[in-house]
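Engineer: requesting a structural model of the entry that follows:
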Amino acid sequence: MENSENIPQVHHAWNKTYMLDIPMIDNQHVKFFALFDKLQDLNQTDDSHEQILEVIKELEKYTNNHFATEEALMRKANAPDYELHVVQHQVFIAKIEDFKIAYSYNNAALLEQMTTFMRKWFLMHISEVDRKYVDPVKKYLNERNTGVA
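Structural biologist: Modelled structure (predicted):
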């Protein structure tokens, strides 16, 4: 479940208040913030069209990996609101499809739309919704690691 890639450095949006103290999830969340940073940096460039597509592709890979990890942990830990959490993930995945369509139509507002959506996602989903599964997932991981069932 855990991705062994190096954890990217982030500078714009990340701070320790977003940490859930579940290392595999925190490491993946840092990658989300690194993608957000890339979008922020693109606001400073004139020729960002191809780079936006790269971020969309990276975001799609990220969500496939991260959502699978998060949902598996929640399921195994019998975390509350699992179904609602999955629906929110599906909304994010659908939004990526919207970004792809907007990109194909050369939507001039796409960069701003992506930045706004991702900012709202980490302010609401990561900061609030993800916190609801922390205790049961940490309990599950602790029991798994100590052999207690």
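Engineer: give me the helices and strands touching the lengthiest helix in the chain, please.
Structural biologist: Of all the segments of type helix in the chain, defined by DSSP state H, the longest one is helix 49-76. Counting contacts by 3 or more CB pairs under 8 Å, 6 or more residues apart in numbering; DSSP states H and E, helix 49-76 packs against helix 23-42, helix 82-104, helix 110-120, helix 134-146. No exception for glycine: its C-beta is placed from N, CA and C like everyone else's.
Engineer: kindly present those helices as a markdown table, with separate columns for distance to N15 and mean pLDDT.
Structural biologist: Converted to a markdown table, the helices and strands packed on helix 49-76 look like this (distance: least, CB to CB, whole Å; pLDDT from 0 to 100):
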| stretch | distance to N15 | mean pLDDT |
| --- | --- | --- |
| helix 23-42 | 9 | 93 |
| helix 82-104 | 22 | 97 |
| helix 110-120 | 14 | 94 |
| helix 134-146 | 17 | 94 |
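Engineer: turn those helices into CSV, including mean neighbour count.
Structural biologist: Shown next, in CSV, are those (neighbours: other CB atoms under 10 Å):
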stretch, mean neighbour count
helix 23-42, 19
helix 82-104, 14
helix 110-120, 16
helix 134-146, 14
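Engineer: any chance of the ones you listed in a markdown table, with distance to A72 too?
Structural biologist: Shown next, in a markdown table, are the helices and strands packed on helix 49-76 (distance: least, CB to CB, whole Å):
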| stretch | distance to A72 |
| --- | --- |
| helix 23-42 | 11 |
| helix 82-104 | 11 |
| helix 110-120 | 23 |
| helix 134-146 | 10 |
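Engineer: what's next to stretch 138-149, contact-wise?
Structural biologist: 21-22, 73, 76-78 (CB atoms under 8 Å, 6 or more residues apart in numbering).
Engineer: ok, 10 Å please
Structural biologist: For stretch 138-149, the surrounding residues in contact (CB atoms under 10 Å, 6 or more residues apart in numbering) are 20-24, 73-79, 133.
Engineer: ok, and the most crowded of the residues you listed?
Structural biologist: Top of those by neighbour number is Y133, holding 24 neighbours under the definition other CB atoms under 10 Å.
Engineer: look up how far S127 lies from it.
Structural biologist: Y133 sits 13 Å away from S127, taking CB to CB, to the nearest Å as the criterion.
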